[in-house]
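K.L.:
return a 3D structure for these sequence lines:
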Amino acid sequence: MDNKNNLVVVKETPGGPYILTGEFRMIRKDGSEEMVTGPKGLCRCGHSKNKPFCDGSHAKIHFEQD
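P.N.:
Numbers count the residues shown, from 1 in each chain. A predicted model of the protein is given here:
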């Protein structure tokens, strides 16, 4: 969390997830909501069994993204 501006920080990791730091509201496709406190990884590779969160599948499939 960027304490100066109370912002959630999103960091892209090479070959891995986006890392969200701070508190944010997750709104799922069914409309349910939950407050989540990071750090949390959001899947970029599309292979996570725990979407939208990362489960480490990117390492197994050798995901690389520019």
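K.L.:
residue contacts, the residue sitting nearest the centre point of the chain?
P.N.:
Note on the chain: the residue nearest the mean C-alpha position is Leu42, at 2.0 Å, using Cα atoms, centre = their mean. Contact criterion Cβ atoms under 8 Å, 6 or more residues apart in numbering gives Pro17, Tyr18, Ile19, Leu20, Pro52, Phe53, Cys54 as the residues in contact with Leu42. Every residue, glycine included, has its C-beta placed from N, CA and C.
K.L.:
low pLDDT regions in the protein?
P.N.:
Scanning the chain with the threshold set as pLDDT under 70 gives 1-5, 66.
K.L.:
that one: helices as residue ranges?
P.N.:
Counting by DSSP state H, residue ranges of the helices within the chain are 57-60.
K.L.:
circling back to that earlier point, just give the closest residue to the residue nearest to the centre of the chain, not the sequence neighbours.
P.N.:
The shortest distance from Leu42 to any residue other than its chain neighbours is 4.5 Å, reached at Tyr18 (Cβ to Cβ, 6 or more residues apart in numbering).
K.L.:
ok, now how distant is that neighbour from Gly31?
P.N.:
Distance from Tyr18 to Gly31, counting by Cβ to Cβ, to the nearest Å: 23 Å.
K.L.:
between the two, who's got more neighbours?
P.N.:
Set side by side, Tyr18 and Gly31 show unequal neighbour counts under other Cβ atoms under 10 Å, the larger going to Tyr18 at 15 against 6.
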